[in-house]
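Q: Below are the sequence and a predicted model for it; my questions follow.
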Amino acid sequence: MKTRGNIELVKKLYGGDNMLRAEWHMLLTALTAKEKEYLRALAATVAEEKFGKGVYIRGLIEISSYCRNNCFYCGLRAANREAQRYRLTKEDILECCEQGSQLGFNTFVLQGGEDATQNDEWLTDVVPAIHAAHPDKAITLSVGERSAEAYRAFRKAGADRYLLRHETRNDEHYSLLHPQTMSASKRRECLKTLKEIGFQTGSGMMIGSPGQTVEHLIDDIQFLEQLQPEMIGIGPFIPAAGTPFTGEPAGSIETTLLLISLLRLRFPDALIPATTALATLHHKGRTQAILAGANVVMPNLSPRSVRSKYSIYDNKATSGCEAAEEIEKLEKELNAIGYRINFARGDYNKKGTEKCIM
Ligand code: SAH
Ligand code: SF4
């Protein structure tokens, strides 16, 4: 009886109906192993209907490990004296893009700490330089909270997408993860602005961050329902040396995979990456995420010499399938589970017709 009830809930979610909080609670806590497998398979089918067996790739360029913020979970936080700092120059970044272009990447993601040197003006100069050199490629930024004017300038300069996780929708929980200088409402305001400006916007949260409850996760899902982001990035929390949370346990892989499947059913068109954090915790994390409904991988395109320095959490995976130059390895890994790389730009497409044609 109970089993049928949970399967009915999964079907209701698949049908696009609004879910009650109590129903989300059941989906997050009460599914048996069999029911989870049913959910996973359904999520994979929905992803396949929308995107075929193709997985989009994004070249991730980690442009700076300097950050003025002090998020309690992050190894790059300003107060972490153990962190190794570097910043890429405009020329370094253009070189990464050139290499990425030769490897077949059609999206570059510039991600970094909130570095005072890489300020709004600097970015407003770098983005058009990339755009001029690679007019057909998508440019994604992930450089934190900036003013509405700055976001507008980035968009005008040629940036197409912006990633800014809301981290947690619950204000109290947000205060547990961040110093008082940062606020959940400011973060949400930034996301609203990014959407209004016309960025394909990515949000998301860590799974299993310290103090996170099931109710918080339901708040997160409901926030995503309001925001309607084009991209949703979720990955397990992983403790980082030199942070207040260094001794905390990592988030659960199983819960992360469950969330990926639930989000795929709730947001069938969304671009959902198999995150590096999942790949870091388990060698099959990436493929399991694809099989649970994820459809994007973001291999590392940063210069090799700096990769180990962008240490937002401990032992971050940067080699093998996570390395852009080893793209054949990624292709083989995907082939082994019946998938392949889709080299297209992979813009958000509500009709979901840009299937892999290879
Ligand atoms: N400074 C930018 C981008 C870099 S951090 C920003 O904060 O948006 C990118 C993401 O890494 C963050 O949004 C956070 O969700 C994730 N992250 C940071 N520390 C982490 C940790 N210890 N474990 C897992 N993910 C983490
Ligand atoms: Fe800085 Fe982003 Fe890390 Fe926070 S999560 S400390 S904003 S790099």
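A: Thanks, I have it. Ligands and ions are numbered 1, 2, ... in the order given.
Q: Show me which residues of the stretch 251-358 of the chain are close to ligand 1?
A: Within the stretch 251-358 of the chain, the positions near ligand 1 by Cβ under 6 Å from any ligand atom are 277, 312, 313. The C-beta positions use only the backbone N, C-alpha and C, and glycine is treated the same way.
Q: tell me the mean pLDDT over stretch 313-331?
A: Average pLDDT, stretch 313-331: 93.
Q: Do me a favour and get the end-to-end distance for that stretch?
A: 26 Å (Cα to Cα, to the nearest Å).
Q: before we move on, what about stretch 145-163?
A: Stretch 145-163: ends 10 Å apart by Cα to Cα.
Q: Just the buried positions in that stretch, please.
A: 145-146, 150-155, 157-163 (16 or more other Cβ atoms under 10 Å).
Q: which one of these sits closest to ligand 2?
A: Among the buried residues of stretch 145-163, residue 145 lies closest to ligand 2 (Cβ to the nearest ligand atom), at 7.7 Å.
Q: where's the spatially closest residue to that closest one that is not a sequence neighbour, which helix or strand?
A: Nearest residue to residue 145 in three dimensions, chain neighbours excluded: residue 190, at 5.0 Å (Cβ to Cβ, 6 or more residues apart in numbering). With secondary structure defined by DSSP states H and E, residue 190 is part of helix 184-197.
Q: ok and the next helix or strand after that helix relative to helix 184-197, angle-wise?
A: Using DSSP H and E, the helix or strand that follows helix 184-197 in sequence is strand 200-207. Strand 200-207 runs at 150 degrees relative to helix 184-197, counting by axes from the mean of the first three to the mean of the last three Cα atoms, to 10 degrees.
Q: hang on, the earlier thing: by contact count, what packs against the helix holding residue 190?
A: helix 148-157, helix 171-177, strand 200-207, helix 214-227 (3 or more Cβ pairs under 8 Å, 6 or more residues apart in numbering; DSSP states H and E).
Q: rewinding a little: who touches the residue nearest to residue 145 in this structure?
A: Going by Cβ atoms under 8 Å, 6 or more residues apart in numbering, residue 190 touches 145, 146, 151, 164.
Q: and with 10 Å instead?
A: Residues in contact with residue 190 (Cβ atoms under 10 Å, 6 or more residues apart in numbering) are 144, 145, 146, 147, 148, 151, 162, 164, 166, 201, 203.
Q: Tell me how far it lies from residue 96.
A: Using Cβ to Cβ, to the nearest Å, residue 190 is found at 26 Å from residue 96.
Q: Not counting sequence-adjacent ones, nearest residue to residue 339?
A: Leaving aside its sequence neighbours, residue 339 sits nearest to residue 53 (Cβ to Cβ, 6+ apart; 4.8 Å).
Q: Who does the residue nearest to the spatial centre of the chain form a beta bridge with?
A: The structure's the chain has its C-alpha centroid closest to residue 233; by Cα atoms, centre = their mean the separation is 2.8 Å. Under DSSP bridges, the beta-bridge partners of residue 233 are residue 204.
Q: Was I right to think it contacts residue 277?
A: Yes. Taking Cβ atoms under 10 Å as the definition, residue 233 is a contact partner of residue 277 at 9.4 Å.
Q: list the contacts for residue 179?
A: By Cβ under 10 Å, 6+ apart, the residues touching residue 179 are 69, 70, 71, 72, 77, 78, 79, 244.
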